[in-house]
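Enquirer: Next comes the sequence, and after it the predicted model I'd like to discuss.
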Amino acid sequence: MKKVIGLTGGIASGKSTVVDFLVSRGFQVIDADKVVRELQKPDGKLYQAILTEFGAEFFDENRQLNREKLGRLIFADRVQREKLSALQDKIIREELYYKRDELLSVLTEHSIIFMDIPLLIEYNYTGFDEIWLVIVPESVQLKRLMARNHLSEKEARSRISTQMSMTEKQKFADRVFDNSGTIEQLQSQVQQALEDLCPTDHS
Ligand SMILES: CC(C)(COP(=O)(O)OP(=O)(O)OC[C@H]1O[C@@H](n2cnc3c(N)ncnc32)[C@H](O)[C@@H]1O)[C@@H](O)C(=O)NCCC(=O)NCCS
Ligand SMILES: Nc1ncnc2c1ncn2[C@@H]1O[C@H](COP(=O)(O)OP(=O)(O)OP(=O)(O)O)[C@@H](O)[C@H]1O
């Protein structure tokens, strides 16, 4: 049987770090953030809608979306966040399911694919054999988010507060990975989960 695993977690929890490990192990991963970025390019399905609703000041001279500027706006303002979500959600969802079906159609029986979807739980994505969740204590999340995105503590806290808490997310997860330690410690938890999922492979 082919399996689809949904991977999720809060902002800067370590999903991409898990994805890097899965890819290094030869797994196919659909990365929602990357798919969204493709859709927001000038020839993508979201470009025109964002331009019309938010205006040219959110794009640079090469017609690339100024992600930092739009991010600053939407994470600080619930109304704008909902406006962006209403604009993008259906198209993102269709594209992710399309990519999943396309991938599944070319893979052999007993294949496993992963879908890294940050808002998987908040936005009610379905159709997974298992949901894997990466968690970190909020203090660690805050530190990593501030460092990665060059945000003030206030900005980082505000981004975290737009998402469901990790405690709440755990109720939906089949597997939980604690990323409060080193990357190697995270990888060994993922390795264990892979061995449980497909005992003969990837050991
Ligand atoms: C606002 C945008 C342009 C900012 O881009 P930027 O490159 O700075 O961030 P990136 O796309 O890498 O997202 C980083 C993280 O922010 C969080 N995040 C993104 N959008 C949202 C949102 N609407 N609500 C809560 N958290 C969000 C997620 O944890 C995501 O992994 C971009 O995040 C966006 O278009 N977001 C809306 C699309 C969306 O819902 N993305 C999540 C895929 S399910
Ligand atoms: N165990 C760890 N120790 C130290 N730094 C880490 C660890 N895991 C991840 N990081 C760093 O924390 C930041 C967030 O990790 P990562 O990008 O994997 O999270 P993410 O969940 O994919 O984030 P987002 O969804 O917001 O893009 C990155 O800068 C990453 O290098």
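Expert: Yep, that arrived. Just so it is clear, the model here is predicted, and its values are computed rather than measured. Ligands and ions are numbered 1, 2, ... in the order given.
Enquirer: Residue 118 should be in a strand, yeah?
Expert: No - assessed with DSSP: H, G, I helix; E, B strand; the rest coil, residue 118 is coil; it does not lie in a strand.
Enquirer: How about the contacts made by it?
Expert: Residues counted as contacts of residue 118 (CB atoms under 8 Å, 6 or more residues apart in numbering) are 8-11, 15, 32-33, 163. Every residue, glycine included, has its C-beta placed from N, CA and C.
Enquirer: tell me, what residue is most central in the chain?
Expert: Per CA atoms, centre = their mean, the C-alpha nearest to the average position across the chain is that of residue 118, at 3.0 Å.
Enquirer: Quick one: end-to-end distance for stretch 173-190.
Expert: Separation of the first and last residues of stretch 173-190 by CA to CA, to the nearest Å is 14 Å.
Enquirer: Can you lay out the contacts of residue 118 as JSON lines showing pLDDT?
Expert: Listed next are the contacts of residue 118 as JSON lines, based on pLDDT from 0 to 100:
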{"residue": "8", "pLDDT": "98"}
{"residue": "9", "pLDDT": "98"}
{"residue": "10", "pLDDT": "97"}
{"residue": "11", "pLDDT": "97"}
{"residue": "15", "pLDDT": "98"}
{"residue": "32", "pLDDT": "98"}
{"residue": "33", "pLDDT": "96"}
{"residue": "163", "pLDDT": "96"}
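Enquirer: Weed out the non-buried ones from those residues.
Expert: 8-11, 15, 32, 163 (16 or more other CB atoms under 10 Å).
Enquirer: so which of these are also by ligand 2?
Expert: Contacts with ligand 2 within the buried ones among the contacts of residue 118, counted by CB under 6 Å from any ligand atom: 9, 11, 15.
Enquirer: What's the separation between the second one and residue 101?
Expert: Right, the one you point to is residue 11. Using CB to CB, to the nearest Å, residue 11 is found at 28 Å from residue 101.
Enquirer: ok, now the first one?
Expert: Distance from residue 9 to residue 101, counting by CB to CB: 24 Å.
Enquirer: tell me which residues of the helix or strand containing residue 33 are tucked away?
Expert: If you go by DSSP states H and E, residue 33 is part of helix 32-39. Residues of helix 32-39 classed as buried by neighbour count (16+ other CB under 10 Å): 32, 35-36, 39.
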